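*Asks:* Please find the sequence and the predicted model below.
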Amino acid sequence: MRNFASAPRNTIFVLVISTLGCSGGNGEGATAPGASSSVGAPTSTMITPVPTTPGPSMPPPTTAPPTVFSCADPAAHQAGPSPMRRLTRLQYANSVNDLLKLKLDSAPLVAEDEKVGAFDSNLLAPVGELHVDRYLKAAEAATDSALLNVTTLLPCDPVAVGEAACAGTVIDTLGPKAFRRPLSPDERTQYLGVYTDSRTSGGTFAEGIEQVVRSFLQSPYFLYLVEAPPAGAAATAVSPYEVASRLSYFLWNSMPDDTLFAAAAANQLGTPDALLAQAKRMLESDKATATLASFHKQWLGIDRLLSAGKDTKTFPEYTPELGQAMPTETTGFADSVIRKGDGKLATLFTLAQSPVPSSLLSFYGVQAPANATPGQLIALNPTERAGLLTQAGVLGAHSHFADVSPVLTGVFVRATIMCQAPPPPPPTVMTQPPAAKPGETTRQRFDRHRTDPSCANCHQLMDPIGYGFSHYDALGHYVTMDAGVAVDANGRIVGSLDLDGPFNGAVELSQKLATSAQVRECVMGQWFLFALGRNLDAQADGCSVAAARDAFAKSDYNVQDLLLSIIQSDSFRLRGVGGVQ
């Protein structure tokens, strides 16, 4: 059995904040989306190695001795429990479009997603009448759109081969794609009966096909990622069709394509090398671009900027188009680095270049080269910008409607980038920021948190990090003055694994984060969570985490190589036993 504490590379550190506190006072409290803390605020902060895995939400330490086992033992290669998941809104919309050859935005037609950490994952999410009604309406909208040009949907000519035979061909063609596996004989008979019932009730051929397709779209086998349970007490390999779906919904947020279906049918997905070959092919597709965008929007919380907007009285230049361009910059930057660039995590945090959309050029004070192509990286001022955290969309998403918030920004970095979420404020605390006094800088205003003993213990964990972003306003402009005095962007990190100490400004902070073992571990955990749609199990997923960690390090922390190592892991290829994690 592996000993998590036996060697540094096999030890995952959880930064544990102990002793309840942070109550009362006039302060601002916040917890990053998807991040939580299971213990209170500190009077002291300690780093405790515990047998757990990284992620947006860390469990408290345990006093029980760690389980010891060796990954060289085949019995140690397990996987955490994988409960059945319902498709997310994005996965539903993409799957409908790929199945029916549509370009329909059906995501808003279905109910909003549940979350696991920062990410959409309908893990055993309950389904009520509202969900059923909205799935019905979404299916009706999809089939209405598809049957506007029914010839593009049909794999046969009903006049040439006969309507009943053509209906059977439709079922044989669309059914296996909709269910991501072959239909059983009974299922084929059932859906042929749906067509026959429609025709005998006076419906046309097209209406009969429409009823069949609507039935597909409302089936649990379409709406859920259904997998057979393990045969015994140990984890078992998922079937070729099931692992094909895991792969496609991870990298493409949609159903497998014909190539992946063919590989599953030929039983060619049973080894890590076979999955690696498919994954490399799939990462070259533009569908992978959209999935990288989905990950970074959710991880960095930048979608909230689109929904909340900004105060146009404070920022008259803000428009919906500008608000849309900001997340587009971030997702385009991530794709440029991970799929088209060197792929390194350090580059994501430090590169002073960006595929700036045209509506953001004046915002950054730059001009595109005369021969610039869409998505081309454009140099930014390296004293002002460095990677993801200094982009306008990220900065604006973690500020208020009209004003900055060192607390929100500090919580974001601590919880999302370092995976060390501060405790949420107690119910009795006032979460509004202190009112500004005439001539008072933002730093002076928020320093009042730490003059109140009931708030100081919590806010020392986040405010000094947020102060490092003082050169940016709530829309992400770079500023040099605050309340008539020069900006002081000196910050400090305390209570971390390897980041403690001062820094000056967000550019220097980004450089610190880029080489941090804690940040690398956090990012690895975020990608595992996104790939699996569930939290990791400390013991069952331990060997997968260790292997991915080694591969990540050997690649000089290349994110694409991290994704490939996750896909090859036991956690991805096996289905474990047990309850919901």
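*Replies:* That came in fine, so what should we check first?

*Asks:* so where's the stretch 401-550 of the chain shaky on pLDDT?
*Replies:* Scanning the stretch 401-550 of the chain for pLDDT under 70 picks out the ranges 429-431, 449-450, 454.

*Asks:* So which residues of it form helices?
*Replies:* 406-412, 442-451, 453-459, 463-467, 505-514, 517-532, 542-554 (DSSP state H, counting those that start in this stretch).

*Asks:* so Pro182 touches Ile171, yeah?
*Replies:* No: in this structure Pro182 lies outside contact range of Ile171 using CB atoms under 8 Å: 11.7 Å. From N, CA and C alone the C-beta is placed, and that goes for glycine too.

*Asks:* Pick the most buried one from the helices of the stretch 401-550 of the chain.
*Replies:* helix 406-412 (a mean of 27; mean count of other CB atoms under 10 Å).

*Asks:* about what we covered before: now the helices of the stretch 401-550 of the chain in TSV, please, with extra columns for distance to Asn122.
*Replies:* Listed next are those as TSV, based on distance: least, CB to CB, whole Å:
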stretch	distance to Asn122
helix 406-412	25
helix 442-451	37
helix 453-459	33
helix 463-467	33
helix 505-514	31
helix 517-532	14
helix 542-554	23
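
*Asks:* Any idea which of those gets closest to Gly270?
*Replies:* With CB to CB as the criterion, Gly270 lies closest to helix 542-554 of those, at 17.2 Å.

*Asks:* For the closest one, which helices and strands make contact with it?
*Replies:* helix 517-532, helix 559-567, helix 570-573 (3 or more CB pairs under 8 Å, 6 or more residues apart in numbering; DSSP states H and E).

*Asks:* Nearest approach to Leu269 belongs to which of the ones you listed?
*Replies:* Among the helices and strands packed on helix 542-554, helix 570-573 sits nearest to Leu269 (CB to CB), with 9.0 Å.

*Asks:* Report the next helix or strand after the closest one in sequence order.
*Replies:* The helix or strand immediately downstream of helix 570-573 is strand 574-575, counting by DSSP states H and E.

*Asks:* Run through the neighbouring helices and strands of that next one.
*Replies:* With contacts taken as 3+ CB pairs under 8 Å, 6+ apart, strand 574-575 sits against strand 236-237.

*Asks:* Parallel or antiparallel, which strands does the strand it packs on pair with?
*Replies:* The strands that strand 236-237 pairs with in its sheet are strand 574-575 (antiparallel) (by DSSP bridges).

*Asks:* Name the residue closest to the centre of this protein, please.
*Replies:* In the chain, the residue lying closest to the centroid (CA atoms, centre = their mean) is Phe295, at 3.5 Å.

*Asks:* For Ala142, which non-adjacent residue is spatially closest?
*Replies:* Val96 (4.9 Å; CB to CB, 6 or more residues apart in numbering).

*Asks:* Test my guess that that neighbour contacts Leu102.
*Replies:* Yes: when contacts are counted by CB under 8 Å, Val96 is listed as touching Leu102 (6.5 Å).

*Asks:* Compare those two (neighbour count), which wins?
*Replies:* The neighbour comparison of Val96 against Leu102 (other CB atoms under 10 Å) goes to Val96, with 30 against 19.

*Asks:* wait, what's in contact with the more buried one?
*Replies:* Residues near Val96 by CB atoms under 8 Å, 6 or more residues apart in numbering: Leu102, Leu104, Ser106, Ala138, Ala142, Leu217.

*Asks:* Let me know the average pLDDT across the helix or strand hosting it.
*Replies:* Element membership of Val96, judged by DSSP H and E, is helix 89-100. What helix 89-100 shows for mean pLDDT is 97.

*Asks:* any idea how far the spatially closest residue to His77 that is not a sequence neighbour lies from Asp537?
*Replies:* In space, and not counting its chain neighbours, His77 is closest to Asp570: 4.7 Å by CB to CB, 6+ apart. Distance, Asp570 to Asp537, using CB to CB, to the nearest Å: 11 Å.
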